[in-house]
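Novice: let's see this in three dimensions:
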Amino acid sequence: IADLMYGEAAYISRSSTVFHLFINAGSTILLSASNYTMQVLCSPSREDIDIAHTKGSWLDVGLLSLRNLRSIPRRRAVMWFILAVSSIPLHLFYNASVFQIATFNEYDITTIDVKSAKWNELNSTSDTYWNLSNTDWKQIYNKKYVSEHGDLYIIIDRLAFATTIQDFAGKATEYMPLTIQHGNWTHIENITIESPEWIRYDVFTAIAENTNVTDPTRPISAHVTHAWARIVRPQSRINSVLTS
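Specialist: You can find the predicted model right below:
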């Protein structure tokens, strides 16, 4: 097995489609040529027809006939069987000779206070992180597979509490940072279900702490300004079994 090319998952997927289009076109031409050759091989000659007539029999002319195989020379019949046995397996083999290996990322989801030291760190290392708008990070992470983005940092500037909490003297550092390990698209969908700019922080907390019980003294929502996503360059690839 040899590597034909490397690249991002989307590019590799398109390239794999192109490879298989050419492979299928070429193998279809070979299969058509094989079928034509099989028809020629089982077509009777004038001599074959005369011999059949002397035996009180008849042969098919102008079509691929299995009946003729008993009356044509053995060498041609053997060649016909070889082509018949090899044509379809070869077609399938060439289709499987090139295959795609796609690489996707695991990631954590972390909420960060907009005034925290971690936010300053992310802001100063912008060459290794994507700065994403609320629309962007939701579209990127709200799908089953993520290929070019790693850990997600959601930046929070406001917290919302239930009206039943009358006295509040806490700090944002009591609730952040908070991390959902091994995030997935269902987590993104659950925390963003209500608003384009606010996330369900009670749901986020329950997922992060692996509990079904929400704490009424904790924030129920958090306002998101933007997000940072770690830049990842996965090496999806196309492999071939026909090269050495």
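
Novice: mind listing what's buried along whichever strand or helix holds Gln139?
Specialist: Secondary structure from DSSP states H and E places Gln139 in helix 134-141. When burial is assessed from 16 or more other CB atoms under 10 Å, helix 134-141 yields the following buried residues: 134, 137-138, 140-141. Any C-beta I mention is one placed from the backbone N, CA and C, and that applies to glycine too.

Novice: residues contacting that helix, please?
Specialist: 107, 109, 132, 146, 149, 152, 154, 183, 185, 188, 192, 196-197, 224, 226-227, 229 (CB atoms under 8 Å, 6 or more residues apart in numbering).

Novice: over to stretch 223-230?
Specialist: Contact partners of stretch 223-230, identified using CB under 8 Å, 6+ apart, comprise 107, 112, 114, 122, 128-134, 136-137, 140-141, 149-160, 197-199.

Novice: which residues of this structure score low on pLDDT?
Specialist: 1, 91, 166-170, 213-214, 242-244 (pLDDT under 70).

Novice: longest helix in it, by residue count?
Specialist: helix 9-42 (DSSP state H).

Novice: going by neighbour count, list what's buried in that helix.
Specialist: Neighbour count says helix 9-42 has 9, 12, 15-16, 19-20, 23, 27, 34, 38, 41-42 buried, by 16+ other CB under 10 Å.

Novice: would CSV of these with distance to Ile49 be doable?
Specialist: Converted to CSV, those look like this (distance: CB to CB, whole Å):
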residue, distance to Ile49
Ala9, 60
Ile12, 56
Ser15, 53
Ser16, 50
Phe19, 47
His20, 44
Ile23, 41
Ser27, 35
Ser34, 25
Met38, 19
Leu41, 16
Cys42, 13
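
Novice: quick check, nearest of these to Ile101?
Specialist: Ranked by distance to Ile101 (CB to CB), the buried residues of helix 9-42 are led by Ile12 at 8.2 Å.

Novice: spit out the contact partners of that closest one.
Specialist: 5-6, 100, 102, 236-238 are the contacts of Ile12 under CB under 8 Å, 6+ apart.

Novice: swap the cut-off to 7 Å and go again
Specialist: Listed by CB atoms under 7 Å, 6 or more residues apart in numbering, the contact set of Ile12 reads 100, 102, 236-238.
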